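In: pasting the sequence and the predicted model now:
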Amino acid sequence: MARYKDEHKAEARAGIVQRAAERFRQDGIAAVGVRPLMADAGLTHGAFYAHFGSRGELVAEAAEYAANSTIAYLKAAVASAAPGHEMDALVKNYLRPRHREMMALGCAASALAPEIAREDDATRTRFANRNREIVQLVADCLPPGGDATERLARGYAIFAGMMGTLQLMRVATDPAEVAMLLAAGREAALALAARPFSPPAAPAG
């Protein structure tokens, strides 16, 4: 009986986290209260504290869940790409019209980063670690060259550019402008990815 209760509680907690991850991405963290969130999950407001010590705990876990979903999606896109076309697959699967429209299920960083930046250090660290996994995936898709630090820095630059493009696409209301941003964002990301790394400096003397 105790095991059933534990499993039921774990399932309920997972459901709350998943729903919060969607609502936070769709509506913003500040706009989502605990009471409506628990109602969405089919639970009472009072049941919240049986699962979480604070709203901040839920924010941290939901943001991490959302980021993990993004990582899994992009890894699947890369894994299914033809050899040598991994970067192209990553960029085109990130920057696409459906991603613009599906904010509740889309990139956690593009939807939540401005609000997560105002959370405590522990929450920011958890979220940053997940985003670093995305950046590392981008770096792993780059052509040969550069050391680990240079590749990671290039990965950050590409991911930041794609994030910004996605955010601008979501702000834009003119379909022609959205299409322009999509094409330009893809072109810029792929051009940066293809840029050769500087050759290592020759040893002195």
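Out: It's in.
In: tally of neighbours for Ala194?
Out: Neighbour count for Ala194, taken as other CB atoms under 10 Å: 10. Every residue, glycine included, has its C-beta placed from N, CA and C.
In: any idea how far Gly42 is from it?
Out: Remark: distance between Ala194 and Gly42 (CB to CB, to the nearest Å) = 49 Å.
In: run through the neighbouring helices and strands of the helix or strand harbouring Arg186.
Out: Element membership of Arg186, judged by DSSP states H and E, is helix 175-194. Packing partners of helix 175-194 (3 or more CB pairs under 8 Å, 6 or more residues apart in numbering; DSSP states H and E): helix 86-94, helix 97-101, helix 148-171.
In: would you turn those into CSV with mean pLDDT and distance to Lys9?
Out: Putting those into CSV (pLDDT from 0 to 100; distance: least, CB to CB, whole Å) gives the following:
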stretch, mean pLDDT, distance to Lys9
helix 86-94, 97, 36
helix 97-101, 95, 34
helix 148-171, 97, 36
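In: out of the ones you listed, nearest to Leu190?
Out: Closest approach to Leu190 among those is made by helix 86-94 (5.7 Å; CB to CB).
In: show me what counts as buried in that closest one.
Out: The neighbour-count check on helix 86-94 (16 or more other CB atoms under 10 Å) flags Glu86, Met87, Asp88, Ala89, Leu90, Val91, Lys92, Asn93, Tyr94 as buried.
In: quick one, what contacts the nearest residue to the first one once chain neighbours are set aside?
Out: Spatial nearest neighbour of Glu86, excluding adjacent residues (CB to CB, 6 or more residues apart in numbering): Cys141 at 4.4 Å. The contact partners of Cys141, taken as CB atoms under 8 Å, 6 or more residues apart in numbering, are Val78, Glu86, Met87, Leu90, Ala193.
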